[in-house]
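Student: next one to model:
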Amino acid sequence: MKFKIGDTVAVTDDAIKGRVTAIDNHLISILTEDDFVMKFTDNELVKIGVEQSELAKSIIVSNQLSYKEDYKKGKKLTKAKKNRGEIPPMEVDLHIDKLIKSSRGMDNYDMLTLQMDTAKHKLEFAIRNRIPRIVFIHGVGAGVLKTELDYLFNRYNVRISEASYQKYGMGATEVYILQNTRD
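Tutor: Here you go, the predicted structure:
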């Protein structure tokens, strides 16, 4: 078994850390740093102590093995597999129904605050972990969230542009993080 009770883990596609409290087959319960119990499958978690660069290497190796297996089987290679060197952007959907189960009892200010806190948290996570690109899916609406996001992004060393219209439609912004090259 990959995990055991007491292990410190992080969610691979979110900025959530915690301690394993229960294991039921491939479903693992963790107690987050904010004292919430959340359940994830074992393939959504990674033990803390594994450096992010090591995690990225394992993903690249996994993609290369998949590429080689497809090649051996004679499968036609897709464009995504041909462009192995390009890392897809991290995607953050800021639609309120994607962030919480129910917005009942929340006014517009509360929802906007939650969306902005989430955006700031995800952006800082990406900066810390040297993730080069993030797509924030905000929707079209009245433009209040987009305006607030633009204001937030201007406080960071980033470049923003409209995200791919074909993939996201009109309601998404892509953020390029301008990393400091000195270590």
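Student: in the protein, which spans are strands?
Tutor: Remark: strands assigned in the chain by DSSP state E are 8-11, 17-24, 27-32, 37-41, 45-47, 90-93, 133-137, 158-162, 172-177.
Student: nearest to residue 116, of the ones you listed?
Tutor: Nearest of the strands of the chain to residue 116, taken as Cβ to Cβ: strand 133-137 at 10.7 Å. C-betas here are computed from N, CA, C, even on glycine.
Student: from the contact counts, what lies against the closest one?
Tutor: Using 3 or more Cβ pairs under 8 Å, 6 or more residues apart in numbering; DSSP states H and E, the elements in contact with strand 133-137 are strand 90-93, helix 108-128, strand 172-177.
Student: ramachandran coordinates for residue 94?
Tutor: phi -100, psi 10 (degrees, to the nearest 10).
Student: residues in contact with it?
Tutor: Contact partners of residue 94, counting by Cβ atoms under 8 Å, 6 or more residues apart in numbering, are 115, 118-119, 136-139, 145.
Student: report pLDDT for it.
Tutor: In the prediction, the pLDDT value recorded for residue 94 is 93.
Student: could you do residue 175 as well?
Tutor: Per the predicted model, pLDDT is 94 at residue 175.
Student: tell me how this structure divides into domains.
Tutor: Per the record, the chain has its domains at 8-47, 51-86, 88-183, by automatic domain parsing.
Student: I'd like the ones you listed as a markdown table, with distance to residue 2 appended.
Tutor: Output for the domains of the chain, formatted as a markdown table (distance: least, Cβ to Cβ, whole Å):
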| stretch | distance to residue 2 |
| --- | --- |
| domain 8-47 | 6 |
| domain 51-86 | 13 |
| domain 88-183 | 21 |
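Student: weakest of these in terms of mean pLDDT?
Tutor: Among the domains of the chain, domain 51-86 scores lowest, with a mean of 53.
Student: circling back to that earlier point, the helices and strands packed on strand 133-137: which one's closest to residue 22?
Tutor: helix 108-128 (25.8 Å).
Student: got the end-to-end distance for stretch 90-98?
Tutor: End-to-end distance for stretch 90-98: 15 Å, by Cα to Cα, to the nearest Å.
Student: now for the contacts of residue 94, which pair is the farthest apart?
Tutor: The most distant members of those, if one measures by Cβ to Cβ, are 118 and 139, lying 13.9 Å apart.
Student: can you list the buried residues in stretch 24-34?
Tutor: 28-30 (16 or more other Cβ atoms under 10 Å).
Student: can you put those in CSV and add distance to residue 123?
Tutor: CSV is the format used below for the buried residues of stretch 24-34 (distance: Cβ to Cβ, whole Å):
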residue, distance to residue 123
28, 27
29, 28
30, 23
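Student: just the closest of these to residue 109, please.
Tutor: residue 30 (30.9 Å).
Student: now the closest one: how far from residue 92?
Tutor: 21 Å (Cβ to Cβ, to the nearest Å).
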